[in-house]
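Trainee: Got a sequence here, can you build the structure:
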Amino acid sequence: MATADNDSASVITIDPSEIEHLRANILKSQITTYRLLARNLPVSDSLLQSCSYKVQLATLIQNHVQQQSTAIILGTHQNDNNIPLKFSSATNMYRWLIGSTEMNTSDEDNIPTRIRQHPISLNPLYVQQEREKRVLNRISNRLQELEHMPAQMNVDLRTQALIELKSLKLLQFQKQLRNEILNTMKKDTLIQTALNPRAYKRPKRHHLREARSTEQYERQRKIEIEQNQRAKHQEFLNTVQNHARDFREYHRRYSLSTIRMNKSIQAYFANNERELIKEKERKEKERIKRLMNEDEEGYRKLVDEKKDARLALLLSQTDAYIDNLKQLVRQHQQANRSRGRTIKIHSEQSITTIINVSTSTNEEIKSSPIIDQTGNDEAIRDAIKIAATNEDDEYDAKESYYSIAHRIREPITEQSNMLVGGQLKPYQLQGLEWLVSLYNNNLNGILADEMGLGKTIQTIALIVHLIDCKKNPGPSLIIVPLSTLSNWASEFQRWAPDVSVIQYKGLPHVRKMLGQTIRTNRFNVLLTTYEYIMRDRSILSKVTWKYLIVDEGHRMKNHHCKLTQILNTYYGHASHRLLLTGTPLQNNLPELWALLNFILPTIFKCSTTFTDWFNAPFATLPSEKVELNHEETLLIIRRLHKVLRPFLLRRLKKEVEAQLPEKVSIDLD
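Mentor: The predicted structure follows:
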């Protein structure tokens with residue numbers, strides 16, 4: 001602490017606490033510098049200056065000088081009344097300003113530290129240091145912002161932010177690299193450090209002989225040296241040429257022998273590989289042939305010989321799931337029989353007793369399921385026919401899955417007399433027979449014929465058959481899109497005019513009047529749309545529907561959609577269900593399960609079980625390695641057909657093309 005008069009020097013008062021704070025900051029800077037040097041990282045100039053006690057003390061004094069000067073100029077100094085009006089020079093004015101800022105206090109415990117300080121001008125190094133500090137602070141703040149950026153950013157913005165973050169993190173590395181490059185360039189360009197080519201120059205020897213004898217001696221010596229060099233060089237070239245010739249010849253012979261050996265080895269392995277591929281293709285064709293010819297026993301034998309784990313797992317999973325479905329189908333049929341709606345089946349005997357109404361005699365048919373056609377809905381029929389033949393079931397066994405589902409078979413060769421709109425095609429009669437088999441066995445199904453094959457006509461034929469042969473007048477609920485409602489009504493009027501059909505549509509008061517007719521239950525079929533099924537469920541759900549038919553059934557592929565939930569909740573009491581769709585099923589197991597769950601909720605209960613069964617062979621393999629070959633694809637399609645076959649019927653136009661009428665072209669002028 002030092003003092004001086006106002007005329008000679010300025011006196012600046014600094015609090016001791018500020019000195020202690022300054023020392024603490026210097027210590028922190030020195031620790032940071034030591035850490036950077038220990039990791040061989042560059043140290044900035046501003047950090048080096050912050051480690052110097054003199055530089056920091058000078059900066060603190062300069063800040064005090066600027067504050068006191070500002071206080072005097074603004075008129076806040078306590079001695080502002082003593083400011084003179086004139087000064088002889090700028091130095092005297094500055095000395096007066098510095099001297100007037102001296103702080104005196106009588107407190108002995110808080111004695112200020114006074115340091116003599118001459119006027120300090122604006123230091124450009126200090127300005128540069130402050131600029132570098134601010135730049136570093138901005139960089140550190142930006143790094144913190146980029147490291148804590150939110151995860152829900154746009155992809156482009158996030159990419160730009162990551163690029164900026166990585167660039168800022170490389171700042172110190174770039175500085176170090178530039179410094180090393182500059183140091184190397186300085187060493188190569190400075191005269192003091194660059195190499196001197198003259199220092200490596202061979203000095204010339206000087207002799208004391210006479211100039212002529214010296215020149216002659218030198219010429220002779222050069223000639224001898226050149227001759228020796230030429231002889232040695234020629235000898236070297238001859239040796240190299242001989243060695244090169246021998247080297248080429250050796251490697252040529254070795255290369256030819258190697259090529260011959262490689263060709264023989266390649267030919268040997270190629271022949272073996274060809275034979276193995278041919279044998280593999282022959283076995284694969286044999287397996288596919290037996291699979292296409294429905295020879296399950298032979299196919300399983302070939303699979304066992306191949307020892308293919310994936311194919312074996314496919315077959316075992318199919319058998320296990322089919323056995324489970326058999327039990328579920330039996331339980332479903334037994335539950336329906338317990339409610340008195342189905343045909344009684346006694347499968348423990350081997351002789352069928354048939355009551356023929358026309359002859360009033362009992363007939364016994366061996367090797368057929370025992371069927372007693374005495375249900376509530378089928379009390380009267382002209383004649384009863386039972387067929388226990390197994391259709392071309394590709395998985396035929398002692399008691400196949402399809403034969404269990406369609407145990408009661410009723411051949412239909414003629415259409416009902418009530419169907420007057422025309423004659424059904426043979427494939428349409430087969431479709432009617434399949435629908436009647438579903439009805440007899442208390443099952444529901446999906447009619448998925450290709451568009452244009454007459455799904456509407458087959459449905460009308462089913463309703464007419466139930467009314468005429470089964471004495472089941474309904475009522476039946478048919479849900480169709482609004483665009484096809486009028487077409488359905490016209491088809492009913494054309495093919496079955498005796499069937500009472502109600503079109504439930506129109507304004508609220510019209511539907512209210514139709515609701516009164518519905519309560520009387522004096523109709524056979526009610527046609528409505530998806531919208532009115534959901535809107536007027538309080539009226540329509542009170543009717544005991546015998547058959548629930550949904551056109552465009554692929555709309556039910558979402559199990560959680562509102563239409564599916566309403567149909568399951570309010571219309572689940574319907575005795576039978578039927579879906580009509582012309583759209584091929586997509587490769588989406590949850591959507592397929594949703595359709596099966598709607599028609600048979602007691603059999604297809606859980607979507608997870610259905611999906612796990614189908615994906616079981618590939619559950620242990622990564623998704624990118626699951627590549628199905630032709631045989632596996634065919635087997636998967638067959639196993640899926642095996643599950644769907646009792647409940648789904650689909651025919652394509654190319655399959656029944658011979659039964660379709662010829663195309664007629666009409667020219668419109």
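Trainee: three-state assignment of residue 579?
Mentor: Local secondary structure at residue 579 is given as strand here, using DSSP: H, G, I helix; E, B strand; the rest coil.
Trainee: Enumerate every residue touching the closest residue to it other than its chain neighbours.
Mentor: Spatial nearest neighbour of residue 579, excluding adjacent residues (C-beta to C-beta, 6 or more residues apart in numbering): residue 553 at 3.1 Å. Placement of C-beta: from N, CA and C, glycine included. Taking C-beta atoms under 8 Å, 6 or more residues apart in numbering, we find residue 553 in contact with 446, 579, 580, 581, 595.
Trainee: The helix or strand hosting the first one pairs with which strands?
Mentor: For residue 446, the enclosing helix or strand under DSSP states H and E is strand 445-447. Here strand 445-447 is paired, per DSSP bridges, with strand 576-580 (parallel), strand 648-649 (parallel).
Trainee: Low-confidence bits of the stretch 351-500 of the chain, can you list those?
Mentor: Filtered on pLDDT under 70, the stretch 351-500 of the chain yields the residue ranges 351-402, 404-405.
Trainee: the strands in it, which residues?
Mentor: 351-356, 361-366, 370-372, 445-447, 476-479 (DSSP state E, counting those that start in this stretch).
Trainee: what's the span of stretch 515-526, first residue to last?
Mentor: Taking C-alpha to C-alpha, to the nearest Å, the first and last residues of stretch 515-526 lie 11 Å apart.
Trainee: and if you look at stretch 441-459?
Mentor: 18 Å.
Trainee: ok, now stretch 643-660?
Mentor: The first and last residues of stretch 643-660 sit 29 Å apart, counting by C-alpha to C-alpha.
Trainee: same deal with stretch 403-418?
Mentor: Stretch 403-418 stretches 31 Å from its first residue to its last (C-alpha to C-alpha).
Trainee: can you tell me which residues contact the closest residue to residue 424 other than its chain neighbours?
Mentor: What sits nearest to residue 424 in space, not counting adjacent residues and going by C-beta to C-beta, 6+ apart, is residue 415, at 5.0 Å. Neighbour list for residue 415: 423, 424, 429, 432, 461 [criterion: C-beta under 8 Å, 6+ apart].
Trainee: what about the third one, how many neighbours?
Mentor: Looking back up the chat, that one is residue 429. Number of residues near residue 429 (other C-beta atoms under 10 Å) recorded here: 18.
Trainee: how about the closest residue in space to it that isn't next to it in sequence, what does it touch?
Mentor: Nearest residue to residue 429 in three dimensions, chain neighbours excluded: residue 412, at 5.9 Å (C-beta to C-beta, 6+ apart). For residue 412, the contacting residues are 429, 432, 433, 436, 465, by C-beta under 8 Å, 6+ apart.
Trainee: Residue 454 versus the first one, what's the distance?
Mentor: So the one you mean is residue 429. 11 Å (C-beta to C-beta, to the nearest Å).
Trainee: can you check the third one too?
Mentor: Here the distance between residue 433 and residue 454 works out to 15 Å (C-beta to C-beta).
Trainee: Could you do the last one as well?
Mentor: Here the criterion is C-beta to C-beta. By it, residue 465 lies 15 Å from residue 454.
Trainee: Okay, buried residues for stretch 487-504 please.
Mentor: Of all the residues in stretch 487-504, those buried under the rule 16 or more other C-beta atoms under 10 Å are 488, 489, 491, 492, 495, 496, 499, 500, 501, 502, 503, 504.
Trainee: Of all pairs in those, which one spans the longest distance?
Mentor: Largest separation among the buried residues of stretch 487-504 by C-beta to C-beta: 495 and 504, giving 20.2 Å.
Trainee: Would you list the phi and psi of residue 527?
Mentor: Main-chain dihedrals, residue 527, degrees, to the nearest 10: phi -100, psi 130.
Trainee: got a list of what it touches?
Mentor: For residue 527, the contacting residues are 478, 480, 485, 488, 489, 492, 501, 502, 503, 504, taking C-beta under 8 Å, 6+ apart as the criterion.
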